[in-house]
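Novice: my questions concern the predicted model and sequence given below.
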2 protein chains.
Amino acid sequence: MVTINDIAKKAGVAKSTVSRYLNNGSVSLDTRRKIEKIIEETGYSPNNFARSLKAQKTNMIGVMIPRLNSASTNEVLEGIDEMTRKLGYQLIITNSDQNNEREYENIQTLAKQKVEGVIMFARELTPTHIETVSKTQTPFLFIGQKAEGIHSIIHQDYQAGSKIGAYALELGHRHFLYVGVPETDRAVGVDRRQGFIDAVRPVNGTIVEMIETDFSRTSAYQKALKFLPEMEATYVVCATDNIAVAVLKAAKELGYSIPEDFSLSGFGGYEATAYVSPTITTVSYPFREMGIEAVNKLVRLIGKEEVPYISEMSNELVINQSTDFFEKK
Amino acid sequence: MVTINDIAKKAGVAKSTVSRYLNNGSVSLDTRRKIEKIIEETGYSPNNFARSLKAQKTNMIGVMIPRLNSASTNEVLEGIDEMTRKLGYQLIITNSDQNNEREYENIQTLAKQKVEGVIMFARELTPTHIETVSKTQTPFLFIGQKAEGIHSIIHQDYQAGSKIGAYALELGHRHFLYVGVPETDRAVGVDRRQGFIDAVRPVNGTIVEMIETDFSRTSAYQKALKFLPEMEATYVVCATDNIAVAVLKAAKELGYSIPEDFSLSGFGGYEATAYVSPTITTVSYPFREMGIEAVNKLVRLIGKEEVPYISEMSNELVINQSTDFFEKK
DNA sequence: CTATGTAGAGGAACCGGTTCTGTTAAGTAG
DNA sequence: CTACTTAACAGAACCGGTTCCTCTACATAG
């Protein structure tokens, strides 16, 4: 491998001069040209490790994601990718497979790699998470969940829940089934649901039944095959679009028509909701923008600027074909 | 930041001793314990850059992907992720947004980062690609396309096309519409289609019409809205599952029933084909396994082992609801 | 003409590790 | 008791850069 010493020798100058050429300047036109030519010939490119070692700066940003095959995660990632490239950062992505142990591990691995900051897609946050993060000196940003003393960007999940609730009431529905996810995920499992509940409860005679599943389509599908036949609700609120898509599949296979037999909605605004039929009513989240915002915030954090602890992303109700007025039969 | 020097000083030994403690051994039990204790207290962890600088080894593998929101890419990535973790490598993922310029750039960036090897999801391969890759000394592996002199793992696209062709003939279809993608993607745009054509052509009286679109669902959807009304084919072969899903959506909106009005199939075996209705017949590709295989191959390449230039992954016809016998009306 | 400032360049120190060389003390063989 | 090994460790060199310090030559001001 060709190093700065080789260049210096061939150019007949000190390596500090080559370094100056590469960085600040203050090199005469003559030497500048000589060095330029030799670098061209040899195809030299400085060793990043040596650089980082001296500069104590790596130009890397770490991203921790819980799984690779998630539509929402990928959209946020796109935003992150776009923004980090613009700012000249390299991305190191680590995947935890939704496994807490692995997340603790990854937090440390990234810190060891001396990334300048970490964006972590948070699912459930345990005290160990917080502790592990606090131990590292690395700037950290959570996406999707908030935690005391750590910066984060979250969705307005409570408001999203409210929007669905208000909309469903408007349609005349009073009997709901909420297909939720575990409460360990506060944002999705608790806030989103609570927003819905608080929206519909004030109305006399509303009933909200609940069922819990996980984030995978297959589980939701299996459960739906069981609960749908004995369901009395006229509106099924699914905690994510994936769950909604899975429930829809089960419903069709069981012979139900949607929205005639019951209404159905999700959360997220994934592309999939537009490619099934009926298309699914949902609340659209600004994932890509969230990624961009995340990088902006992290960079300011890295620069030791004062940044508000919590940023919230708004969202928007998207009415599709899967929801309709409740009509008394 | 605490360094090996700090540890050495506190333990009253030379830093070489600490280094030996961290690596080989040959440290007395006494000093071993002293060092251990101090490392524990200080939370010291060696600087990877300094290490890599000396060792000329980075333990990093670069991955280049064309886009983040691709189901197939993500499945392969999962395999890669699983395997690299097992082998103790760090993953650097770069995204090119399907832009050739960006791909050239990324090839060089990764080489500069001194990754030990690169796995590149290839779409179209230009001479510049090949040239840029050859210039780097880094072991390279292409996924999805083959190129002279560069190692690669590909799907048996021609065979996949044949399988669909044979199956469609069996069902009695003779008039086909092939919804393809540009030929710049040799594997998908040429081989896959050619496999299909070669399979159906020997039968007298078959007609294959062709239409071209790109890989996005929206484009395929727009095009389908136009070509479906004037189509005479009884079987629509889509070059990817995404295209198939989009055509299905358009078909439904136009009031067609599938497979009654025409049959429809894709390629890939994405999850989405199982969550629309009718479920879509497809050829299932072993994406995850491909990722695992890719890492295995790359690692052997890094180790300077002899490795065959091309590895092929097999695939499997999956018959779903979107295809049925041709019945003369 | 002398004093002062400045551009350009070389040399050395440094970043935080690993590894090679050399030294010492203790153990073992003869 | 002497000669030879060897375990344990210190010290220095090195990896490939950046940066600080110093020196020289030349230009400019007074």
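Specialist: Okay, I see it.
Novice: tell me where the stretch 151-300 of chain A has strands.
Specialist: Along the stretch 151-300 of chain A, the segments classed as strands by DSSP state E, counting those that start in this stretch run A:151-155, A:175-180, A:207-212, A:235-238, A:263-265, A:282-284.
Novice: can I get those in TSV with distance to chain B?
Specialist: For every residue, glycine as well, the C-beta is placed using N, CA and C. Formatted as TSV, the entries for the strands of the stretch 151-300 of chain A read as follows, by distance: least, Cβ to the nearest Cβ, whole Å:
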stretch	distance to chain B
strand A:151-155	18
strand A:175-180	16
strand A:207-212	19
strand A:235-238	13
strand A:263-265	14
strand A:282-284	15
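Novice: count the neighbours of residue A:66 for me.
Specialist: Here the neighbour count serves as a burial measure; for residue A:66 (other Cβ atoms under 10 Å in any protein chain shown) it reads 21.
Novice: distance-wise, check the closest residue in space to it that isn't next to it in sequence relative to DNA strand D.
Specialist: By the measure of Cβ to Cβ, 6 or more residues apart in numbering or on different chains, the closest residue to residue A:66 outside its immediate chain neighbours is residue A:98, 4.7 Å from it. Residue A:98 sits at a distance of 39 Å from DNA strand D (criterion: Cβ to the nearest atom of the strand, to the nearest Å).
Novice: repeat that for residue A:242.
Specialist: Per Cβ to the nearest atom of the strand, residue A:242 is found 47 Å from DNA strand D.
Novice: returning to what we had before: before we move on, what SS does the residue nearest to residue A:66 have?
Specialist: Here residue A:98 takes the coil state, with states given by DSSP: H, G, I helix; E, B strand; the rest coil.
Novice: residues touching it, list them.
Specialist: Counting by Cβ atoms under 8 Å, 6 or more residues apart in numbering or on different chains, residue A:98 touches A:66-67, A:123, A:215.
Novice: on that earlier part again, want to throw the strands of the stretch 151-300 of chain A into TSV with distance to residue A:10, mean pLDDT and mean neighbour count?
Specialist: As requested, these are exported to TSV (distance: least, Cβ to Cβ, whole Å; pLDDT from 0 to 100; neighbours: other Cβ atoms under 10 Å in any protein chain shown):
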stretch	distance to residue A:10	mean pLDDT	mean neighbour count
strand A:151-155	48	97	22
strand A:175-180	68	98	22
strand A:207-212	69	97	14
strand A:235-238	66	98	28
strand A:263-265	68	98	27
strand A:282-284	59	98	24
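Novice: burial check on residue A:166, number of neighbours?
Specialist: Applying other Cβ under 10 Å, we find 15 residues neighbouring residue A:166.
Novice: how about residue A:27?
Specialist: Other residues within reach of residue A:27, judged by other Cβ under 10 Å, total 20.
Novice: please report phi then psi for it.
Specialist: When read as degrees, to the nearest 10, the backbone of residue A:27 gives phi -140, psi 140.
Novice: quick one: pLDDT of it?
Specialist: At residue A:27, the predicted lDDT confidence score is 88.
Novice: one more: the one 5 residues further on?
Specialist: According to the model's per-residue confidence, residue A:32 sits at a pLDDT of 90.
Novice: my read: it touches residue A:20, true?
Specialist: No. Counting by Cβ atoms under 8 Å, residue A:32 does not reach residue A:20; the two are 9.8 Å apart.
Novice: the two - which one has more neighbours?
Specialist: residue A:20 (17 against 14).
Novice: and the stretch 101-250 of chain A, which residues reach chain B?
Specialist: Where proximity means Cβ under 8 Å from any Cβ of the partner chain, the interface of the stretch 101-250 of chain A facing chain B comprises A:108-109, A:111-114, A:135, A:137, A:217, A:245-246, A:248-249.
Novice: now for the helix or strand harbouring residue A:75, which elements pack on it?
Specialist: Taking DSSP states H and E as the definition, residue A:75 sits inside helix A:71-87. With contacts defined as 3 or more Cβ pairs under 8 Å, 6 or more residues apart in numbering or on different chains; DSSP states H and E, the packing partners of helix A:71-87 are strand A:60-65, strand A:90-95, strand A:117-121, helix A:287-302.
Novice: ranking the ones you listed by mean pLDDT, which is last?
Specialist: Comparing mean pLDDT across the helices and strands packed on helix A:71-87, the lowest value falls on strand A:90-95: a mean of 90.
Novice: distance between that strand and the chain's centre?
Specialist: Chain-centre distance of strand A:90-95: 13 Å, with Cα atoms, centre = their mean, to the nearest Å.
Novice: pull out the buried positions in that strand.
Specialist: Taking 16 or more other Cβ atoms under 10 Å in any protein chain shown as the neighbour-count basis, strand A:90-95 is seen to contain the buried residues A:90-95.
Novice: go on, stretch A:131-149?
Specialist: Using 16+ other Cβ under 10 Å as the burial criterion, the residues of stretch A:131-149 that qualify are A:132-133, A:136, A:138-147.
Novice: give me the residues contacting that stretch.
Specialist: Taking contacts as Cβ under 8 Å, 6+ apart, the residues outside stretch A:131-149 that touch it are A:62, A:76, A:104, A:107-108, A:110-111, A:115-125, A:129-130, A:150-155, A:185-187, A:290, A:294, A:297-298, A:301-302, A:309-310, B:1, B:43.
Novice: start to end distance for it?
Specialist: One end of stretch A:131-149 sits 11 Å from the other (Cα to Cα, to the nearest Å).
Novice: can you check stretch A:198-210 too?
Specialist: So stretch A:198-210: terminal residues 14 Å apart, Cα to Cα.
Novice: contact partners for residue A:262?
Specialist: For residue A:262, the contact set (Cβ under 8 Å, 6+ apart) comprises A:231, A:233-236, A:251, A:256.
Novice: nearest to DNA strand C among the residues you listed?
Specialist: Proximity of these to DNA strand C, judged by Cβ to the nearest atom of the strand, is greatest for residue A:236, which lies at 55.4 Å.
Novice: and the gap between the closest one and residue B:277?
Specialist: When distances are taken as Cβ to Cβ, to the nearest Å, residue A:236 and residue B:277 turn out to be 17 Å apart.
Novice: repeat for residue A:191
Specialist: Plainly put, residue A:191 is 32 Å away from residue B:277 if you go by Cβ to Cβ.
Novice: same check on residue A:73?
Specialist: Distance, residue A:73 to residue B:277, using Cβ to Cβ: 26 Å.
Novice: ok, now residue A:55?
Specialist: Separation of residue A:55 from residue B:277 (Cβ to Cβ): 57 Å.
Novice: ok, the two, which is more surrounded?
Specialist: Neighbours per residue (other Cβ under 10 Å) separate residue A:55 from residue B:277, with residue B:277 holding more: 18 against 11.
Novice: picking that back up, which of the residues of the stretch 101-250 of chain A next to chain B are buried?
Specialist: Of all those considered here, the ones buried according to neighbour count by 16+ other Cβ under 10 Å are A:108-109, A:111, A:113-114, A:217, A:245-246, A:248-249.
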